[in-house]
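Engineer: For reference, the sequence and a predicted model appear below.
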Amino acid sequence: MRARMESLEILANNLANSTTAGFKADREAYGLFVGPEAYSNGGPPLTVPVTEKNWTDHTQGPLQATGKSTDLALSGRGFFVLGGKATPSYSRAGSFRVAPTGVLESGDGRPVLDTQNRPIQLAPNSDIQITAAGEVYQNGAAVARLKVVEFARTEALTKQGSSTFELPAGAPVSDQPVAATQYQVYQGYLEAPNVHAAESAVRMIHVLRQFESLQRALTMTSEMNQKVLDEVVKSHG
C-alpha cells in the first residue's frame, strides 16, 4: 500500500506540472523486500514490492512555438545556467524575460549566465536575436553567448522546484558540468514537459484501484482476525 501511495504522489506531481515548461517527469524504481518473517512452513518466501528510489526522466520534451523573443528552448543534452545563488542552477525551462535593469533572467528572477559566468546584460525595450549556437545579438551587435552545459550523468543532479536542478556539494569531478557540444537553441520556443498527461491519468486510475483493492483486503483480514479472536474468547470464557 505504501508503494502504491508513493506512486500516486509521483503521478499527481507529474500531472500537476503537465503544462510547466522544461519540467522533467519523476519515475519510481521498484524492488522486492524479503524479510525473515516472510518464510513460513518451509515454503517459498513472500515478497513485498517497495519503492527503492525515485529518479528523474531527462528525455527531451516536444518544442512548442511561442513567438516570444525571450522564450528559448534547447534540443540535445544541454542545460541553461542560472546564477544568483552561491552555486549555479541548471534548467531546460527557457521562459526568460528582460528585467528593468536589462538583465536576462528566469521567471523567478535569477540571471541567465553567459560563457564567462556573467549575467547577460541587455538594453531594455530593444529586440534581441539569438542564434542556434546561443549567440545573443542586439541592434546588430554581439552581446554575449549563452552558457549551455551538459552532464555525463544527469542522475547526479537533484531537482529543486519544478524545472531547476542543482549539483550536490562535493560531487566528483566526473559529475561536474562541461560545455555542451551537441545542442541547438530555438528562439521563440519552449520545451514542453515530457509528461504524457493522458497516459499518466490512466496509470493513476490503475494505481488507485490497486491501492483500494489492497485496502479492502487489509480491512477483510482485520475483520477475520477480530472474529477469530472473538471465537477464542467465547470458547475459553
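Structural biologist: All right, it came through fine.
Engineer: how does the protein divide up, domain by domain?
Structural biologist: According to automatic domain parsing, the chain comprises the domains 2-56+195-235, 63-191.
Engineer: Buried deepest among these, which one?
Structural biologist: Greatest average neighbour count among these goes to domain 63-191 (a mean of 17), per mean count of other C-beta atoms under 10 Å. Heads up, the C-betas are built off the backbone N, CA and C, glycines and all.
Engineer: Do me a favour and get the end-to-end distance for that domain?
Structural biologist: Domain 63-191 has its terminal residues 4 Å apart, counting by C-alpha to C-alpha, to the nearest Å.
Engineer: what's the nearest residue to residue 187 if we skip its chain neighbours?
Structural biologist: Excluding the flanking residues, the one nearest residue 187 by C-beta to C-beta, 6 or more residues apart in numbering is residue 130, at 4.5 Å.
Engineer: From residue 55, how far off is that neighbour?
Structural biologist: Per C-beta to C-beta, to the nearest Å, residue 130 is found 32 Å from residue 55.
Engineer: so where is the protein shaky, pLDDT-wise?
Structural biologist: Confidence mapping of the chain against pLDDT under 70 gives the ranges 1, 29-53, 207, 211, 214, 223, 228, 230-233, 235-237.
Engineer: Helices along that one, start to end?
Structural biologist: Taking DSSP state H as the test, the helices found in the chain are 2-16, 197-235.
Engineer: show me the contacts for the residue nearest to residue 169 when sequence neighbours are not counted.
Structural biologist: Spatial nearest neighbour of residue 169, chain neighbours left out: residue 87 (7.4 Å); criterion: C-beta to C-beta, 6+ apart. By C-beta atoms under 8 Å, 6 or more residues apart in numbering, the contact set of residue 87 is 166-167, 169.
Engineer: Let me know the closest of those residues to residue 221.
Structural biologist: Of all these, residue 221 sits closest to residue 166, with 44.4 Å by C-beta to C-beta.
Engineer: Wait, that closest one touches residue 175, no?
Structural biologist: No - taking C-beta atoms under 8 Å as the definition, residue 166 is not a contact partner of residue 175, at 11.9 Å.
Engineer: Show me the contacts of residue 87 that map onto strands.
Structural biologist: For these, the ones inside strands are residue 166, with DSSP state E as the criterion.
Engineer: In CSV, list the contacts of residue 87 along with distance to residue 60.
Structural biologist: Putting these into CSV (distance: C-beta to C-beta, whole Å) gives the following:
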residue, distance to residue 60
166, 20
167, 20
169, 28
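Engineer: Return the member of the contacts of residue 87 nearest to residue 121.
Structural biologist: Nearest to residue 121 out of the contacts of residue 87 is residue 166 (C-beta to C-beta; 24.3 Å).
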